[in-house]
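> Predicted model and sequence below, questions to follow.
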Amino acid sequence: MPGVAFVVFDMDEVLYDYRHQTRLDLLEQLTGRPAAEIDAAVWGGPHEEAAEAGQPGTAEAYLAQYGQLLGYPIDFDTWCDVRRRMMRPRPDVLSLVKRITAKADTALLTNNGMMLKAALPVCAPEAFEIFGSKAHVSAEFRLRKPDPRIYRAICEKYGYEPGRCVFVDDKLENVSGAEEAGLIGHHYSSCGALEAFLLDHKLI
């Protein structure tokens with residue numbers, strides 16, 4: 001029976017720590033607007049999920065909308081600086097991903113809008129070094145995890161049958177969506193558990 005040929009990773013809380021409160025604190029310092037108010041305005045409504053599904057469809061349009069919701073003009077470099085500072089790479093997990101590349105193809109798939117796609121080389125250089133053009137945001141597919149169609153779409157894009165693909169995510173509902181699409185799912189809980197899973201599937 002053919003083994004796993006393609007491994008797709010989520011980004012936040014798998015490859016990187018994701019500190020939303022840090023982002024809110026930085027935006028409060030930048031704008032003078034209370035963090036809770038920023039959270040409600042930018043992330044409390046439908047806008048972010050719509051962006052993750054491809055609306056708006058460009059980084060420029062996303063940034064303009066973000067500034068309107070924030071109530072403060074923000075440029076590309078400032079947005080990237082805030083996003084980068086709220087993240088912290090997980091070297092142990094990233095090292096495992098590098099080891100996989102000797103045995104299987106890899107890609108990144110994160111629920112995010114087109115702004116992050118443009119910003120990935122700045123915000124997540126460690127991941128971008130590994131995945132390059134195979135670092136994807138959900139907005140590119142105009143779908144969001146856990147919709148099973150997005151997992152099938154990324155498998156099809158690279159020519160792999162879902163049954164030969166693995167999907168790794170910290171959110172159980174996203175793993176379940178991948179499994180519904182026919183992929184092998186791993187619910188990320190720790191680097192050690194991921195390493196054991198990868199060893200079991202002869203990926204490292």
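Yep, it's here. Everything quoted here is computed from the prediction, not taken from an experiment.
> Tell me where this structure has strands.
Along the chain, counting by DSSP state E, strands occupy 6-9, 16-18, 87-89, 105-110, 135-137, 165-169, 184-187.
> Redo those strands as a markdown table? Include distance to D200 and mean neighbour count.
(Each C-beta comes from the backbone N, C-alpha and C, glycine too.) Below are those laid out as a markdown table (distance: least, C-beta to C-beta, whole Å; neighbours: other C-beta atoms under 10 Å):
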| stretch | distance to D200 | mean neighbour count |
| --- | --- | --- |
| strand 6-9 | 13 | 24 |
| strand 16-18 | 24 | 17 |
| strand 87-89 | 25 | 16 |
| strand 105-110 | 17 | 22 |
| strand 135-137 | 26 | 22 |
| strand 165-169 | 11 | 25 |
| strand 184-187 | 10 | 20 |
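> Compare the ones you listed and report which one is nearest to L69.
strand 135-137 (18.7 Å; C-beta to C-beta).
> and the closest one, which strands flank it?
Applying DSSP bridges to the sheet, strand 135-137 is found paired with strand 105-110 (parallel).
> could you measure P91 against H186, distance?
Counting by C-beta to C-beta, to the nearest Å, the gap from P91 to H186 is 19 Å.
> ok so, going back, which one of the strands of the chain lies closest to C155?
strand 165-169 (5.2 Å).
> if we can go back for a sec, mind putting the strands of the chain in CSV, distance to L120 included?
Formatted as CSV, those follow (distance: least, C-beta to C-beta, whole Å):
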stretch, distance to L120
strand 6-9, 13
strand 16-18, 11
strand 87-89, 11
strand 105-110, 8
strand 135-137, 5
strand 165-169, 18
strand 184-187, 22
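> okay, those strands in a markdown table with mean pLDDT and distance to Q29 next?
Formatted as a markdown table, the strands of the chain follow (pLDDT from 0 to 100; distance: least, C-beta to C-beta, whole Å):
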| stretch | mean pLDDT | distance to Q29 |
| --- | --- | --- |
| strand 6-9 | 98 | 32 |
| strand 16-18 | 98 | 19 |
| strand 87-89 | 98 | 17 |
| strand 105-110 | 98 | 26 |
| strand 135-137 | 98 | 27 |
| strand 165-169 | 98 | 31 |
| strand 184-187 | 98 | 35 |
